[in-house]
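>>> Let's see this in three dimensions:
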Amino acid sequence: STSVDSGLRAIGGDYSQAAYGVGMEISIKLSREAPYIDEDGAEHSAFQENLVLLLAEAYYGFVLGDAEAFVKFTGTP
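Numbering: from 1, shown residues only. So this is what the prediction gives:
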(Lines give C-alpha, C1' and ligand atoms only; values in the text may rest on other atoms or scores of the structure.)
Protein backbone atom coordinates (compact mmCIF):
# COMPACT_ATOMS: atom_id res chain seq x y z
CA SER A 1 0.00 0.00 0.00
CA THR A 2 1.08 3.56 -0.57
CA SER A 3 0.29 6.67 1.40
CA VAL A 4 0.78 10.37 0.79
CA ASP A 5 1.85 12.80 3.52
CA SER A 6 -0.92 15.42 3.71
CA GLY A 7 1.21 17.74 5.83
CA LEU A 8 -1.22 17.55 8.77
CA ARG A 9 0.79 17.34 12.00
CA ALA A 10 -1.76 17.98 14.77
CA ILE A 11 -5.23 19.30 15.54
CA GLY A 12 -5.53 21.66 18.48
CA GLY A 13 -8.38 23.48 20.11
CA ASP A 14 -11.07 23.50 22.76
CA TYR A 15 -11.82 19.81 23.13
CA SER A 16 -14.83 20.56 25.35
CA GLN A 17 -16.48 21.32 21.98
CA ALA A 18 -15.93 17.73 20.78
CA ALA A 19 -17.78 14.56 21.72
CA TYR A 20 -17.46 10.94 20.68
CA GLY A 21 -19.11 7.69 21.61
CA VAL A 22 -20.01 4.16 20.66
CA GLY A 23 -23.23 4.12 18.66
CA MET A 24 -24.12 0.47 19.07
CA GLU A 25 -22.89 -2.71 20.71
CA ILE A 26 -19.77 -4.38 19.42
CA SER A 27 -20.70 -7.48 17.41
CA ILE A 28 -18.35 -10.43 17.09
CA LYS A 29 -18.58 -13.18 14.47
CA LEU A 30 -16.52 -16.37 14.57
CA SER A 31 -15.62 -18.61 11.60
CA ARG A 32 -13.61 -21.79 11.32
CA GLU A 33 -14.19 -22.13 7.56
CA ALA A 34 -13.90 -18.68 5.99
CA PRO A 35 -11.12 -17.92 3.53
CA TYR A 36 -8.74 -15.03 4.14
CA ILE A 37 -6.14 -13.24 2.05
CA ASP A 38 -2.68 -12.65 3.47
CA GLU A 39 -0.48 -9.59 2.95
CA ASP A 40 1.06 -11.14 -0.19
CA GLY A 41 -2.38 -11.59 -1.79
CA ALA A 42 -2.52 -15.39 -1.38
CA GLU A 43 -5.86 -16.91 -0.36
CA HIS A 44 -5.92 -19.35 2.58
CA SER A 45 -8.54 -21.57 4.18
CA ALA A 46 -9.04 -21.23 7.94
CA PHE A 47 -10.32 -24.83 8.05
CA GLN A 48 -7.30 -26.30 6.28
CA GLU A 49 -4.89 -24.34 8.47
CA ASN A 50 -6.79 -25.14 11.70
CA LEU A 51 -7.49 -21.45 12.45
CA VAL A 52 -10.37 -19.51 13.97
CA LEU A 53 -11.14 -16.12 12.40
CA LEU A 54 -12.85 -13.33 14.35
CA LEU A 55 -14.65 -10.33 12.89
CA ALA A 56 -15.44 -7.53 15.35
CA GLU A 57 -17.59 -4.57 14.27
CA ALA A 58 -18.34 -1.38 16.16
CA TYR A 59 -19.91 1.96 15.29
CA TYR A 60 -18.34 5.15 16.59
CA GLY A 61 -19.55 8.71 16.33
CA PHE A 62 -17.74 12.06 16.55
CA VAL A 63 -19.26 15.53 16.58
CA LEU A 64 -17.94 19.09 16.89
CA GLY A 65 -20.03 21.65 18.76
CA ASP A 66 -18.13 24.57 17.22
CA ALA A 67 -15.79 23.86 14.31
CA GLU A 68 -14.19 27.30 14.78
CA ALA A 69 -12.84 26.10 18.15
CA PHE A 70 -10.22 23.95 16.35
CA VAL A 71 -7.15 24.61 14.22
CA LYS A 72 -4.93 22.43 12.03
CA PHE A 73 -1.17 22.49 12.44
CA THR A 74 0.58 21.65 9.18
CA GLY A 75 4.16 21.21 8.12
CA THR A 76 6.10 20.60 4.97
CA PRO A 77 5.93 16.93 3.93
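
>>> Pull the number of nearby residues for Leu54.
Leu54 has 8 neighbours, counted by other CB atoms under 10 Å. Every C-beta, even on glycine, is put in place using the N, C-alpha and C of the backbone.

>>> ah, wrong one, I meant Asp5
So Asp5, with other CB under 10 Å, has 9 neighbours.

>>> Which helix or which strand is home to it?
If you go by DSSP states H and E, Asp5 is not part of any helix or strand.

>>> For it, give its distance to Ala46.
Distance, Asp5 to Ala46, by CB to CB, to the nearest Å: 36 Å.

>>> Ok, Gly7 next?
For Gly7 relative to Ala46 (CB to CB), the value is 41 Å.

>>> how about the strands in this structure?
For the chain, the strands defined by DSSP state E occupy 8-13, 18-22, 27-31, 35-37, 43-45, 53-57, 60-64, 70-74.

>>> could those be laid out in CSV, adding mean pLDDT?
Output for the strands of the chain, formatted as CSV (pLDDT from 0 to 100):
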stretch, mean pLDDT
strand 8-13, 95
strand 18-22, 91
strand 27-31, 94
strand 35-37, 93
strand 43-45, 94
strand 53-57, 95
strand 60-64, 92
strand 70-74, 95
